[in-house]
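Q: A structural model of the following input is requested.
(chains A and B)
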There are 2 protein chains.
Amino acid sequence: MSTTVSPLAPKSYPDMPEIDGVQFATAEAGIKYEGRTDVLLVTVSEETTVAGVFTKSKCSSAPVDWCKDKLPGGKARALLVNSGNANAFTGKKGRASVELSADIVANSLGCAKDEIYLASTGVIGEPLPAEKFSRVIEELKNAQDGANWLDAAKAIMTTDTYPKVATSTVELDGETVTINGIAKGAGMIAPDMATMLSFVFTDAAIAPDVLQDLLSGETGGSFNAVTVDSDTSTSDTVLFFATGSAAAKGVAPVTSLDDPRVSVLRAALGDVMLDLAHQIVRDGEGARKFVEVRVEGAESNSSAKTIALSIANSPLVKTAVAGEDANWGRVVMAVGKAGEPADRDRLAIWFGDIRVAVEGERDPDYSEEAASAVMQQEDIFLRVDLGLGDGVATVWTCDLTKEYVAINGDYRS
Amino acid sequence: MSTTVSPLAPKSYPDMPEIDGVQFATAEAGIKYEGRTDVLLVTVSEETTVAGVFTKSKCSSAPVDWCKDKLPGGKARALLVNSGNANAFTGKKGRASVELSADIVANSLGCAKDEIYLASTGVIGEPLPAEKFSRVIEELKNAQDGANWLDAAKAIMTTDTYPKVATSTVELDGETVTINGIAKGAGMIAPDMATMLSFVFTDAAIAPDVLQDLLSGETGGSFNAVTVDSDTSTSDTVLFFATGSAAAKGVAPVTSLDDPRVSVLRAALGDVMLDLAHQIVRDGEGARKFVEVRVEGAESNSSAKTIALSIANSPLVKTAVAGEDANWGRVVMAVGKAGEPADRDRLAIWFGDIRVAVEGERDPDYSEEAASAVMQQEDIFLRVDLGLGDGVATVWTCDLTKEYVAINGDYRS
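A: Just a heads-up that it's a prediction; the model follows:
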């Protein structure tokens, strides 16, 4: 476990407003960690709708399978999240664990088992001792409160060095509607899904199909546009809950994608998700640099994204960033290996504002000093223009440091 | 530059027999390094045929473009290799550099420019000062000799910590025919091509099309089945030269793939290439462990190879190996993210002889102690059975250590 907070951590946290219909509490269930909270119970009001996006891993965890199975119902009453154990690759025991977890919550709250959502993060392959939840469920139920979002974000951390929260408000029908999100990340972070866990809540009333469209639509440019180490978790889960409590204030339910308010919600949701996604990268295991990679002039947007990810996932690019080395030759290498259309002799590369390469060779005005100055900054902007078409994409990553190796060479012990 | 030799280096080198028709010499051209050889000139006899396999990078280097352009001629008289500068992404200057290099060699040797092969390895994006070759060409020409293969291998090293040579002999028509190879690798090593540079020589007389078939056929299971860091170089080059000198001893030329001697040559060539490929992995930057990953029971061989490479390239698997952590959950993750058919509940995983997981969960007889003992060995064998079909593949990699980050965070300075 890391003990020092990432130098890229936010300098301050936003004021997180309460959301009508969302309450939560955390507890120490002792799943794996000692002396810290490791379980979060969120309860949501009766009319709450839910949408989800999950890992594309062929070896998804038992809680992911559970959530996917319940999602068509579109309704939720509670979310139980634990850290320290992913309940992944746990076979029949894993399936029994999620059943037991949902039973414990449903019995305590007196709601339908099918409206309980579950997420677990931590070690893979260890059976999850779900019976431990029964020891803390009454404590969790009795402590339900809507105020302390940071505490909620802390309980779901694994190797994260800081909790991740984000918020946005919009005006709908003259009333303020809020979107709050929490997330955890740190390692095993790559697109489809990028984050390991993120939970987003709003008091707007939004029909399940609209909610799913909003969530899916904003995932590509946020959680699926960040990478720490190119490894994709078995547990990646994003859930979006809409309590509908704002209806009591006169905010009419959003029931169709044609509703003009959808674009307002979409923008605010995108802000929250991108903020959380960036926070995950800034807390990448061992990260000392935050890197934005923008690829322009590709044959298509998807080609641009493949190339951007090839750059962002390259160990040689990431170690060069760690070493503050303006080694743009490695960017050329990463473009070349992506397998997408590229013409070496049209390529131009910028580090920050400094154009380092143009028309297939080093920029005639190249200054090692100027390029190195860019690399010494905490936030690095890499831009590549392929000169072929209109395709663009932006992804975010961090550097690859000795600390990443240290953290991951000794994670289980 | 590394100063300590990899702990995985061969304990001894084979006796490398001379090959009739192959002579070489090395010199200090001062391209980048001080106080060591950095240029190798190999001359081959007049009837020599040549085959080649090159990087699939869209940003291939000027020497790669040169070799690809000359290869259809099928004939060679000399090979000039330098280390310290890759002459990659050097635009017009790079093209002028290869022309000048070939001119210098052709003028000195009095042979056709089109029969000169060139390879460069080292930093990308720096113009290659080819005029420096003219200062050493007479020295190189006058020192031509067929004996010291280790010296040849040393001159082409960059961050390699030891030279790489391999040899094999076969009986053809009652006479001994030899295949010798040298290689360099270390970083930016991933399939298509895996090695950065390798040059293989034989005294057999082999027609160019047969030679190309042999070389291409043996690449998939050797150089394209190893990975250090998933990064593919702009300069990867394998050339195979057949001098034909054995014809004087009565070994008839091999002119058709139907010749029964082809399979004998294929096996020996495969041995040499696999030996060199393994040596490259064992000298992976910062490597402390050699890892064989075998995937069985996949739907096809190519599916097995994709999954094997997903495991071998996973930073989390590689750091776990570095930490001697039997973290088979990360192997599950890497299988899951490969995007190939897999059924979590049929998966079985072995570390060495220890089955750690079966039927989608931890093996009932799992012993952390036994699995950890395997991880403490220098050579680690990871095996995955998908339980779906007959597809198999084996790839080789090394661990990801802090030393990799240190070497690559400070490579150019």
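Q: can you list the residues of the stretch 201-350 of chain A near chain B?
A: Selection of the stretch 201-350 of chain A residues close to chain B by Cβ under 8 Å from any Cβ of the partner chain yields A:229-234, A:313-316, A:319-320, A:322-323, A:325, A:327-330, A:332-345, A:347. Backbone N, C-alpha and C define where each C-beta goes, glycine included.
Q: buried among these? Make that a ChimeraX selection.
A: Selecting only the buried entries of those in ChimeraX, with 16 or more other Cβ atoms under 10 Å in any protein chain shown as the criterion:
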select /A:229,230,231,232,233,234,313,314,315,316,319,320,322,323,325,327,328,329,330,332,333,334,335,336,337,338,340,342,344,347
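Q: what's near enough to touch residue A:306?
A: Neighbouring residues of residue A:306 by Cβ atoms under 8 Å, 6 or more residues apart in numbering or on different chains: A:338-340.
Q: just name the closest of the residues you listed to residue A:370, please.
A: The shortest gap between residue A:370 and any of the contacts of residue A:306 belongs to residue A:338, at 27.1 Å (Cβ to Cβ).
Q: what is the host helix or strand of residue A:263 packed up against?
A: Element membership of residue A:263, judged by DSSP states H and E, is helix A:261-282. Where contact means 3 or more Cβ pairs under 8 Å, 6 or more residues apart in numbering or on different chains; DSSP states H and E, helix A:261-282 is packed against strand A:164-172, strand A:175-184, strand A:197-202, helix A:208-219, strand A:226-227, strand A:290-298, strand A:391-398.
Q: 10 Å instead, please
A: Contact partners of helix A:261-282 among helices and strands, from 3 or more Cβ pairs under 10 Å, 6 or more residues apart in numbering or on different chains; DSSP states H and E: strand A:164-172, strand A:175-184, strand A:197-202, helix A:208-219, strand A:226-227, strand A:237-242, strand A:290-298, strand A:391-398.
Q: CA atoms only: put that helix into CSV for me.
A: The C-alpha coordinates for helix A:261-282 follow below in CSV (Å, rounded to 0.1, in the frame of the first residue of the first chain):
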residue,chain,number,x,y,z
ARG,A,261,-32.6,19.1,-21.4
VAL,A,262,-30.7,15.9,-22.4
SER,A,263,-27.8,17.9,-23.9
VAL,A,264,-27.5,20.0,-20.7
LEU,A,265,-27.3,16.9,-18.6
ARG,A,266,-24.9,15.3,-21.0
ALA,A,267,-22.5,18.1,-20.8
ALA,A,268,-22.6,18.2,-16.9
LEU,A,269,-22.2,14.4,-16.7
GLY,A,270,-19.3,14.5,-19.1
ASP,A,271,-17.6,17.1,-16.9
VAL,A,272,-18.0,15.0,-13.8
MET,A,273,-16.8,11.8,-15.6
LEU,A,274,-13.8,13.5,-17.2
ASP,A,275,-12.8,15.1,-13.9
LEU,A,276,-12.9,11.7,-12.2
ALA,A,277,-11.1,10.1,-15.1
HIS,A,278,-8.3,12.7,-14.8
GLN,A,279,-8.1,12.2,-11.1
ILE,A,280,-7.6,8.5,-11.7
VAL,A,281,-4.7,9.1,-14.0
ARG,A,282,-3.2,11.7,-11.6
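Q: how about the nearest residue to residue A:319, chain neighbours excluded?
A: residue B:408 (3.7 Å; Cβ to Cβ, 6 or more residues apart in numbering or on different chains).
Q: how many other residues sit next to that neighbour?
A: Look at residue B:408: counted by other Cβ atoms under 10 Å in any protein chain shown, it has 28 neighbours.
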